[in-house]
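>>> A predicted structure for the sequence below; I have some questions about it.
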Amino acid sequence: MYNLIVETSTNLPHDVRRAIDQAIQKENAGTRAALSLATITQNIGMADDHVLPICQDTGMLTFEVKVPVGANQIEMKKHIHEAVKQATTDGKLRPNSVDSLTGENSGDNIGEGTPIIHFTQWEKDEIDVRLIMKGGGCENKNIQYSLPAEIEGLGRAGRDLDGIRKCILHSVYQAQGQGCSAGFIGVGIGGDRISSYALAKEQLFRKVDDVNPNEDLANLEDYVLEKANTLGIGTMGFGGEATLLGCKIGAGNRLPASFFVSVAYNCWAFRRLGVTLDAENGAIQSWLYKDGDKVTFAEEEVAATSEETIDEAPREVVLEAPITEEQIRELKVGDVAVINGIMHTGRDAIHHHLMENDAPIDLNGQVIYHCGPVMLKDGDGNWHVKAAGPTTSIREEPYQGDIMKKFGIRAVIGKGGMGPKTLNALGEHGGVYLNAIGGAAQYYADCIKGVEGVDLMEFGIPEAMWHLRVEGFRAIVTMDSHGNSLHKDVEKTSLERLSQYKERVY
Ligand code: SF4
């Protein structure tokens, strides 16, 4: 179980690698989307080489276990828990299990309802264990429709295949780049609300390149994959050709009165693997999702693809805190900011705290990074960053603008963009929003050259305020102090493109 967890966290399955490789071929070289894909693939290689988490959000661990009749499930659950604890101690998993009422982090990923383990009996002699690690950013973009419904951009969706088609297309549009596109979707049709979502997540265990045995659903999968990639959302929502990398649809029976369509959205960091085990001794007999070619994304090749046809390279601006208002006002959407010096992490708990309290340090002219890193303490008591990609920024929308103004913060780094309140504050105060590449946890950890300290550790490792010294930390300006927002623009054009698919197809 330990090997399965470590491998799932650090080594992307072969079918997923091939899908990402195909996306690279589609993307026009030199665009923001192509450059983001280059960062993503570099990150995949680094995680694999160093056996470290691909993304710092190691997700909700969900084990699907098939056991021979008579297997001791209580014992197996204990083994899984032990392996989860060990992988957390070793920095292969981030402590991700938080008490829903108190916010307290259990510290070892074990808690009420976590990890999720489902057992099913079967008549084979071996044990089959599959694990998916689905992070919060994409989990928050899951969506459920109850038909009939009025769908934004697509009009009325009825209780038929055409209505289902509209729901699925819309699910990709509503995710924009916030679930770290380009993504994969699993769709569950029917059931009740709960089993419909479960069916959707189950589809994510299918291989990316399999063919649905139901002809109607196979056609719909192909249709969605093709059309979703015309919406222009692109990698990280920066615009571009590759928005969706896989679509898998399953259908179950339903009550006559209900008609649910549920969509489980998974980011590009689609971490799911499996093993078959010898039921006598627990030894791994075979690995699942590791068949076929393994694309390794050699660093030089990726760099070459992305640099070859750049017509006009984006402007690069070096920033080092404390940053002045004048420096910020010079930045425009599309610029690449290269940050050196100090930045401070802050996510949900910190933002909530800063609304009512003073900051533990002077934040005037500083950079806040929406990030919940994986950290490990060595024997001498020094902290080391093991994974540090950006988290979804929109969660801080209610606070961000106020906090920037209150403390004089000049730059915020995250992923997925922020809303109108923050955009207004950037204009009024002189601030900028920088979009880092979601999931590129190793790429960014490599830019962090030192941990200068930590405050508010009572919120737990991912939520504490880490003071990090960085070098060459690159992020793209996607919201500036002049009222421009790339996220707003992409959302608008993708809605227009979505509307092309209003007409009945089935
Ligand atoms: S790649 Fe993005 S959505 Fe996926 S787990 Fe990481 S931060 Fe979350």
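Cool, the structure landed.

>>> could you look up the SS state of Leu376?
Put simply, Leu376 is strand when judged by DSSP: H, G, I helix; E, B strand; the rest coil.

>>> quick check: closest non-adjacent residue to it.
Once flanking residues are discounted, Leu376 sits nearest to Gly91: 4.3 Å by Cβ to Cβ, 6 or more residues apart in numbering. (C-beta placed from N, C-alpha, C; glycine too.)

>>> name the helix or strand for Asp128, please.
strand 127-134 (DSSP states H and E).

>>> what about the residue nearest to Leu376, neighbour count?
19 (other Cβ atoms under 10 Å).

>>> surely it touches Asp378?
No: here Gly91 does not reach Asp378: they are 10.8 Å apart, not a contact under Cβ atoms under 8 Å.

>>> measure Ile328 to Gly472 for me?
Distance from Ile328 to Gly472, counting by Cβ to Cβ, to the nearest Å: 20 Å.

>>> per-residue pLDDT, the residue of the stretch 1-150 of the chain found nearest the ligand?
Residue nearest to the ligand within the stretch 1-150 of the chain: Gly135 (2.1 Å; Cβ to the nearest ligand atom). Per-residue pLDDT puts Gly135 at 96.

>>> now do Ala313
For Ala313, pLDDT reads 73.

>>> doesn't Glu491 belong to a helix?
Yes: according to three-state DSSP, Glu491 belongs to a helix.

>>> so who does Gly191 touch?
Counting by Cβ atoms under 8 Å, 6 or more residues apart in numbering, Gly191 touches 198-199, 252-254, 260.

>>> quick one: name the residues of the stretch 301-450 of the chain near the ligand.
Residues of the stretch 301-450 of the chain found near the ligand (Cβ under 6 Å from any ligand atom) are 389, 438-439.

>>> among the residues you listed, name the buried ones.
Buried members of those, counted by 16 or more other Cβ atoms under 10 Å: 389, 438-439.

>>> average pLDDT for stretch 353-368?
So the average pLDDT for stretch 353-368 ends up being 97.

>>> in the stretch 351-500 of the chain, what residue spans correspond to helices?
For the stretch 351-500 of the chain, the helices defined by DSSP state H, counting those that start in this stretch occupy 397-407, 420-425, 441-447, 486-499.

>>> which positions within the shortest one qualify as buried?
Right, the one you point to is helix 420-425. In terms of neighbour count (16+ other Cβ under 10 Å), helix 420-425 has its buried residues at 422-423, 425.

>>> for it, which outside residues touch it?
397-398, 400-402, 404-405, 412, 431, 433, 479, 483, 485, 488.

>>> could I get that helix in CSV with only the CA atoms?
Coordinates of the C-alpha atoms in helix 420-425 are reproduced here as CSV (Å, rounded to 0.1, in the frame of the first residue of the first chain):
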residue,chain,number,x,y,z
PRO,A,420,-14.5,41.6,-9.7
LYS,A,421,-14.0,42.6,-6.1
THR,A,422,-10.3,41.9,-6.3
LEU,A,423,-10.0,43.4,-9.8
ASN,A,424,-11.4,46.7,-8.4
ALA,A,425,-9.1,46.6,-5.5
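
>>> ok now it, how far from the chain's centre?
Distance of helix 420-425 from its chain centroid, counting by Cα atoms, centre = their mean, to the nearest Å, is 24 Å.

>>> let me see the mean pLDDT of that helix.
Throughout helix 420-425, pLDDT has a mean value of 97.

>>> next, give phi and psi for the closest residue to Glu104 other than its chain neighbours.
Nearest non-adjacent residue to Glu104, counting by Cβ to Cβ, 6+ apart: Val98, 6.9 Å away. The phi/psi pair for Val98 (degrees, to the nearest 10) reads phi -120, psi 130.

>>> so what's Val98 up against?
Counting by Cβ under 8 Å, 6+ apart, Val98 touches 104-106, 111, 460.

>>> biggest separation within those, which pair?
By the measure Cβ to Cβ, Gly111 and Gly460 form the most distant pair in these, at 12.1 Å.

>>> most packed of the helices of the stretch 351-500 of the chain?
Neighbour counts (mean count of other Cβ atoms under 10 Å) averaged over each of the helices of the stretch 351-500 of the chain peak at helix 441-447, with a mean of 25.

>>> quick one, longest helix in this structure?
For the chain, the helix that runs over the most residues, judged by DSSP state H, is helix 32-50.

>>> what mean pLDDT does that one have?
Average pLDDT, helix 32-50: 91.

>>> and the helix or strand just after that helix, what does it pack onto?
The helix or strand immediately downstream of helix 32-50 is strand 60-68, counting by DSSP H and E. Contacts defined by 3 or more Cβ pairs under 8 Å, 6 or more residues apart in numbering; DSSP states H and E place strand 60-68 against helix 73-89, strand 116-122, strand 127-134.

>>> closest one to Asp209 among those?
Nearest to Asp209 among those is strand 127-134; the distance by Cβ to Cβ comes to 17.1 Å.

>>> what sits up against that closest one?
Contacts for strand 127-134 (Cβ under 8 Å, 6+ apart): 1, 4-5, 8-9, 58-68, 71, 76, 122, 201, 204-205, 264, 266, 271-279, 282, 288.

>>> alpha carbons of the helix or strand following it, as CSV, please.
Next helix or strand after strand 127-134 toward the C-terminus (DSSP H and E): helix 136-139. Presented in CSV, the C-alpha positions along helix 136-139 are these (Å, rounded to 0.1, in the frame of the first residue of the first chain):
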residue,chain,number,x,y,z
GLY,A,136,-9.5,20.2,-3.9
GLY,A,137,-9.1,22.6,-6.8
CYS,A,138,-10.7,20.2,-9.3
GLU,A,139,-13.1,18.6,-6.7
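
>>> other SSEs contacting helix 136-139?
Looks like helix 136-139 contacts strand 260-266 (3+ Cβ pairs under 8 Å, 6+ apart).

>>> bridged to the residue nearest to Glu104, which residues?
Asn105 (DSSP bridges).

>>> what score does it have for pLDDT?
At Val98, the model reports a pLDDT of 95.

>>> ok, the one 10 residues further on next?
Confidence per residue is given as pLDDT, and for Asp108 that number is 97.

>>> quick one: secondary structure of it?
Quick answer, by three-state DSSP: Asp108 is coil.

>>> so who does it touch?
For Asp108, the contacting residues are 84-85, 88-89, 95, 97, by Cβ under 8 Å, 6+ apart.

>>> 7 Å instead?
85, 88, 95 (Cβ atoms under 7 Å, 6 or more residues apart in numbering).

>>> how close does it sit to Pro390?
From Asp108 over to Pro390 the distance is 25 Å, taken as Cβ to Cβ.

>>> and what of Thr276?
Computed as Cβ to Cβ, the Thr276 to Pro390 distance reads 36 Å.

>>> over to Lys248?
27 Å.

>>> these two: which is more packed in?
A count of neighbours by other Cβ under 10 Å puts Pro390 above the other of Lys248 and Pro390, at 31 against 24.

>>> could you find the closest non-adjacent residue to Gln139?
If you look again at residue 139, you'll see it is Glu, not Gln. Ranked by Cβ to Cβ, 6+ apart and with sequence neighbours excluded, the top spatial neighbour of Glu139 is Met60, at 6.7 Å.

>>> what's the burial count for that neighbour?
Close neighbours of Met60, defined as other Cβ under 10 Å, add up to 19.

>>> buried residues in stretch 408-420?
Result for stretch 408-420 [16+ other Cβ under 10 Å]: buried residues 408-419.

>>> out of the buried ones among the residues of the stretch 301-450 of the chain next to the ligand, who's nearest Gln176?
Taking Cβ to Cβ as the measure, Gln176 lies nearest Gly438 of those, at 11.8 Å.
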